[in-house]
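J.: For reference, the sequence and a predicted model appear below.
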Amino acid sequence: MIPRFLGICLAGLLAHGTAFAETRVEAGDTLANLVTSATSGETLRLSGGVHTGAFEIDKPLTIECAPGAIIDGQGNGSVITVTSPDVVIRGCQIIGSGDRHDEIDSGVRLLKGADRTLVEGNTLTGNLYGVDVHGAKDAKVLGNTIIGRQGHRMNRRGNGVYVWNAPGSEVSDNDIRFGRDGIFTNTSSKNVFARNKIRDLRFAVHYMYTQNSVVMDNVSTGNHLGYAIMFSKGVRVENNVSYNDRDQGIMLNYANNSMVVGNYVSGAKERALFIYNSHKNAITENRFEKSALGIHFTAGSERNTVYRNAFVGNRQQVKYVGSKWVDWSVNEQGNYWSDHSAYDLNNDKIADSPYRPNDTMDRILWTQPSAKLLLGSPAVQLVRWAQKAFPATLPGGVIDRYPLMKPQKPKAMEKIQ
């Protein structure tokens, strides 16, 4: 005799048996019609071959693809549009979106209501946008390969992943290449972007008006700019790599109350770190090396703490635009400067003399680049000697009163070794 509670469970499963149904979809079947007729909770398993896309999922469904299965939007809008919560799209090759930026034509588009949708392990190739998370809460974009378009000017292409007003969303473990920006977020909050590999784009990660989020363990290689945090607050930029990015490794632009910690920037052609009109940020445990400029600090940025970083082998370590002295040390812990010829007689791992990266001649060179022709002249050398011998004559700027004797080696360095 079946126990009463087990009988109740079996009756429930029979009454809702379609919730666990699976349908095998052969190439050539009309996928849009099958999605429309599917029952809530059903799994559609796509066989190898080409399946026609440009359809909407408006109920909880799982779409899983066998090897060789391709969903082709044939240039019509977004290939897959999701408006229902709890949808799963896994293991598919998704191609053939439309070309309209005003419609954000994408490989996969998650609209308002597509909460908790999972887009996992897919290959999205040549779509205008890869994945657009547009109003869906707690969505996850995990482990996908996203290869954007290469035609037109870079600014006219779409983003690998676009996150708009999608609190709680996660974009992790993706490989993103070509297009405009790797991950672009606007007007969102509580997002996590982690362990992505992003190459050959304008910005690897681009933040606009996004609050209380995390960017961690990502690798940006050969982009114009690694991590652009703009008009945002409460962002934690942690353990990321920017390697040989063209313009800048990390940029804080109108970014406040954020943390930049444990990152590794190497080979930036212009600036490893650019801070513009950004306030109350903590910049610590990073390593900025082999770049044209280690850190550029300007536009009235106030109350930032810069300590326990390593500035190694940059052509110029600091460009500070300001008229007052700013102390870059906290609790008698400053930064390591590879060009600081210092000694440590008491062996406390702190240099016995402070570090001042800039002098009056640097300021002249910033405003009058042609003055570089005079750098080797006796007059310039005399001015620099006098300012080094009599620091009171310096006009203000950065001073590190407790420079470190050994450089930081953040764990992020291991990602490219």
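T.: Received it, and whenever you're ready, just let me know what you need.

J.: Only C-alpha atoms from now on, for both contacts and neighbour counts.
T.: Will do.

J.: gap between residue 109 and residue 398?
T.: Separation of residue 109 from residue 398 (Cα to Cα, to the nearest Å): 47 Å.

J.: ok, the two, which is more surrounded?
T.: Neighbour tally, residue 109 and residue 398, criterion other Cα atoms under 10 Å: the higher count belongs to residue 109, 26 against 22.

J.: so which helix or strand takes in the more buried one?
T.: strand 106-110 (DSSP states H and E).

J.: Kindly provide the whole-number mean pLDDT of that strand.
T.: Over the span of strand 106-110, the pLDDT mean works out to 98.

J.: gap between it and the chain center?
T.: 20 Å (Cα atoms, centre = their mean, to the nearest Å).

J.: Other residues contacting it?
T.: 77-83, 94-98, 117, 124, 127-136 (Cα atoms under 8 Å, 6 or more residues apart in numbering).

J.: Which of those fall in strands?
T.: Counted as lying in strands by DSSP state E, out of the contacts of strand 106-110, are 80-82, 94-95, 124, 129-134.

J.: Just flag the most distant two among those.
T.: Greatest spatial distance among the ones in strands among the contacts of strand 106-110 (Cα to Cα): 95 and 134, at 19.5 Å.

J.: higher neighbour count, these two?
T.: The neighbour count for residue 95 versus residue 134, taken as other Cα under 10 Å, is higher for residue 95 (25 against 22).

J.: Can you tell me how far that one is from residue 196?
T.: Counting by Cα to Cα - residue 95 and residue 196 are separated by 21 Å.

J.: Could you list the domains of this structure?
T.: Using automatic domain parsing, the domain parsing of the chain gives 19-201, 222-358+397-417.

J.: Can you add distance to residue 215 and give those domains back as TSV?
T.: Below are the domains of the chain laid out as TSV (distance: least, Cα to Cα, whole Å):
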stretch	distance to residue 215
domain 19-201	5
domain 222-358+397-417	5
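
J.: I'd like to know which of the ones you listed lies nearest to residue 212.
T.: domain 222-358+397-417 (4.3 Å).

J.: End to end on that closest one, go ahead and measure it.
T.: In domain 222-358+397-417, first residue to last residue: 16 Å (Cα to Cα).

J.: How about stretch 185-198?
T.: Termini of stretch 185-198 sit 15 Å apart (Cα to Cα).

J.: Residue 185 and residue 208 touch, don't they?
T.: Yes - between residue 185 and residue 208 there is a contact at 6.1 Å, judged by Cα atoms under 8 Å.

J.: These two: which is more packed in?
T.: residue 185 (24 against 20).

J.: That one and residue 23, how far apart?
T.: Distance from residue 185 to residue 23, by Cα to Cα: 36 Å.

J.: What of residue 250?
T.: Per Cα to Cα, residue 250 is found 48 Å from residue 23.

J.: Which of those two has more residues huddled nearby?
T.: residue 250 (29 against 13).

J.: which SS class is that one?
T.: With DSSP: H, G, I helix; E, B strand; the rest coil as the basis, the three-state label of residue 250 is strand.

J.: Could you number the chain from 215 rather than 1 from now on?
T.: Renumbered: residue one is now 215, and that last one reads residue 464.

J.: check contacts around it.
T.: Neighbours of residue 464 in contact, by Cα under 8 Å, 6+ apart: 439-443, 456, 479, 486-488.

J.: Equivalent analysis for residue 508, please.
T.: 485-487, 502, 525, 528-532.

J.: top of these by neighbour count?
T.: residue 486 leads these on contacts (other Cα under 10 Å) with 35 neighbours.

J.: how far away is that one from residue 626?
T.: 15 Å.

J.: pretty sure residue 289 is touching residue 310, no?
T.: Yes - counting by Cα under 8 Å, residue 289 does reach residue 310; the two are 5.0 Å apart.

J.: Comparing the two, which residue is more hemmed in?
T.: Counted by other Cα under 10 Å, residue 289 and residue 310 do not tie: residue 310 has more neighbours, with 25 against 18.

J.: where's that one relative to residue 267, distance?
T.: 8 Å.

J.: now residue 309
T.: For residue 309, the distance to residue 267 - Cα to Cα - is 9 Å.

J.: Can you tell me what sits against the strand or helix carrying residue 486?
T.: Element membership of residue 486 [criterion: DSSP H and E] is strand 485-490. In this structure, residues lying in contact with strand 485-490 by Cα under 8 Å, 6+ apart are 461-468, 479-480, 502-503, 505-515.

J.: Give me the subset of these lying in helices.
T.: Among the contacts of strand 485-490, none falls in helices (DSSP state H).

J.: If anything else comes up later, I'll come back, but that's it for now.
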